[in-house]
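S.K.: Pasting the sequence and the predicted model now:
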Amino acid sequence: MLTPTLALDLILERLPRPAADLRPLQDTLGLAAAEDLHSRATVPPFTNSAMDGYAVRAEDLASASLDHPVRLRVLGDLAAGGVSHSVVKVGEALRIMTGAPLPEGADAVVPVEDTRCGEGPGGDWMEACKPLRAGIHIRLAGEDLQKEQLLVKAGHQLRPGDLGVLAAAGLPALPVHPRVRVAVLTTGDELVDVSDEPGPGRIRDANIHALCAQVAACGAIPVPFPRVPDDRETLKQTLLRALEADVVLTTGGISVGDYDFMKGLFEALGAERIFWKVAQKPGGPLGFWMLQGKPVFGIPGNPVAAMLMVEEYVRPALRKLMGFANLHRPVAEASLEGGWSGKVGDHRTTFLRVVARREGGHLKARLTGPQGSAILSSMLTANALAVIPEGLDRVAPGGPVTLHLTEEAEDH
Ligand SMILES: Nc1nc2c(c(=O)[nH]1)N[C@H]1C(S)=C(S)[C@@H](COP(=O)(O)OP(=O)(O)OC[C@H]3O[C@@H](n4cnc5c(N)ncnc54)[C@H](O)[C@@H]3O)O[C@H]1N2
Ligand code: MOO
């Protein structure tokens, strides 16, 4: 049977290419850049003051001391946004505000709190009582960004800091990969709304909320569909409508029960089966199809299995469809406190929900509790998945396990 690694490869290689679009800068947070982005400007565009104070010639203040302050004639003042045509000559200063262009002749700025000022027969003056070095409190043109400098690589997920830099660099719109719309369908006669009291034999629909939240958490747009009963014709009609989205997720009805219609339905509609069933626990009955050019995930109904399948397969797929360069969560080695034992001779990969924490430079993990695929509470405190390779039926207490860090941003 298919291994999880191979199953993910099969999904990723069948996905359509991500779309690309030019969007106003303010609408691009969290999206992936569709091209390398370069600065269109030199930043700062001109040499300017880093302090409110006086633009001076440093050599004029070389002899300044508390006992012998140096007095300079003040030529005028300059606010940020202004332009001065004054030239600061020997014995002169220009009052200047933070961000205002440094006038010709000046090579340093004395902060206002290090000065005294007054008015005399010769006009305004200022005094400083300590020397300063040339270049101090000055921001040089281009010291931040150079024109044509590479700022953001294609596939990078845009963060608030990136948007600030790109604004300063003169990019009002960015080529980005848009978010994808993901239809989420839950199926099963036993399901009721979260606000309803389940009658005999019925349970609340947890998956619609968990899966839509997972889709939103990876930056895509969830489109929850009205729950579908285990009725073939209604399922078919709903599925056809769901194909208006970019990706379809269904949960439930994918196994071998008498009412598990999903596989048959996908294929009756002409879907190409890429795989059904993966050698893993939970999530064994996972399937992936391409239908009318759209990726369709048939996800098992057991709530824990459903969430794990979204984490391990759907999330990387959605990230690829949205053009992100990094598709996979960080992988780390940890020691498993308390150990674990599974079924002897099981040729499936096992995903365990764990709480991981760093201790003295080492990563330690412990199970969140019972690991049954319907024990949804095992997700509550989990921040990582331990991946136990096929053929391994036990991990000794403190033994090594590989973790997928599911609370950390993708790094490869
Ligand atoms: N004879 C076999 N039976 C089962 C097998 C098998 O290999 N042979 N696999 C088991 C495994 S593993 C899983 S996982 C489930 C997968 O079944 P389905 O995807 O067909 O899911 P359902 O039967 O519809 O539901 C399974 C379980 O999950 C509950 N469920 C479904 N949807 C939701 C929802 N939206 N919110 C909350 N809970 C949900 C449902 O009530 C069932 O209890 O099959 C096993 N059986
Ligand atoms: O493997 Mo099922 O997917 O355990 O719950």
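M.R.: Noted; the coordinates are in hand. Ligands and ions are numbered 1, 2, ... in the order given.
S.K.: Chain neighbours aside, what residue packs nearest to residue 382?
M.R.: Nearest non-adjacent residue to residue 382, counting by Cβ to Cβ, 6 or more residues apart in numbering: residue 353, 3.9 Å away. Every C-beta, even on glycine, is put in place using the N, C-alpha and C of the backbone.
S.K.: Contacts only, for that neighbour.
M.R.: 304, 367, 368, 371, 378, 379, 382, 385 (Cβ atoms under 8 Å, 6 or more residues apart in numbering).
S.K.: and residue 110, which of the three is it?
M.R.: strand (DSSP: H, G, I helix; E, B strand; the rest coil).
S.K.: Residue 328 too?
M.R.: Applying three-state DSSP: residue 328 is coil.
S.K.: Skipping adjacent residues, who's closest to it in space?
M.R.: Counting by Cβ to Cβ, 6+ apart, the residue nearest residue 328 is residue 412, at 5.2 Å.
S.K.: Flag every residue of the stretch 151-300 of the chain that's near ligand 1.
M.R.: Residues of the stretch 151-300 of the chain lying near ligand 1 by Cβ under 6 Å from any ligand atom: 186, 188, 190-191, 203, 205-208, 251-257, 260, 282, 284-285, 300.
S.K.: got a list of what residue 23 touches?
M.R.: Contacts of residue 23 by Cβ under 8 Å, 6+ apart are 31, 173, 174, 176, 178.
S.K.: Tell me the most packed of those, by neighbour count.
M.R.: residue 176 (26 neighbours; other Cβ atoms under 10 Å).
S.K.: any idea how far that one lies from residue 216?
M.R.: 18 Å (Cβ to Cβ, to the nearest Å).
S.K.: Tell me which residue in this structure sits closest to ligand 1.
M.R.: residue 301 (2.6 Å; Cβ to the nearest ligand atom).
S.K.: List the contacts of that residue.
M.R.: Taking Cβ under 8 Å, 6+ apart, one finds 186, 187, 188, 207, 251, 252, 253, 254, 255 in contact with residue 301.
S.K.: How about residue 124?
M.R.: Residue 124 neighbours (Cβ under 8 Å, 6+ apart): 73, 74, 95, 117, 118.
S.K.: got it, and residue 57?
M.R.: 88, 89, 90, 92, 105, 106, 107, 108.
S.K.: per-residue pLDDT, the third one?
M.R.: According to the per-residue confidence, residue 90 scores 98 in pLDDT.
S.K.: if we can go back for a sec, restricted to buried residues, select the residues of the stretch 151-300 of the chain next to ligand 1 in ChimeraX.
M.R.: Selecting only the buried entries of these in ChimeraX, with 16 or more other Cβ atoms under 10 Å as the criterion:
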select :186,188,190,191,205,206,207,208,251,252,253,254,255,260,282,284,285,300
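S.K.: Give me the subset of the residues of the stretch 151-300 of the chain next to ligand 1 lying in helices.
M.R.: 207, 208 (DSSP state H).
S.K.: tell me which of the contacts of residue 301 is nearest to ligand 2?
M.R.: Closest to ligand 2, out of all of those and judged by Cβ to the nearest ligand atom, is residue 255, at 7.9 Å.
S.K.: Now do the contacts for the residue lying closest to that closest one once chain neighbours are set aside.
M.R.: Once flanking residues are discounted, residue 255 sits nearest to residue 285: 4.5 Å by Cβ to Cβ, 6+ apart. Residue 285 makes contact with 254, 255, 256, 276, 277, 298, 300, according to Cβ under 8 Å, 6+ apart.
S.K.: Residue 24 too?
M.R.: Applying Cβ under 8 Å, 6+ apart, we find residue 24 in contact with 172, 173.
S.K.: now it, which residues is it bridged with?
M.R.: residue 173 (DSSP bridges).
S.K.: do residue 186 as well
M.R.: Bridge pairing for residue 186 - DSSP bridges - gives residue 251.
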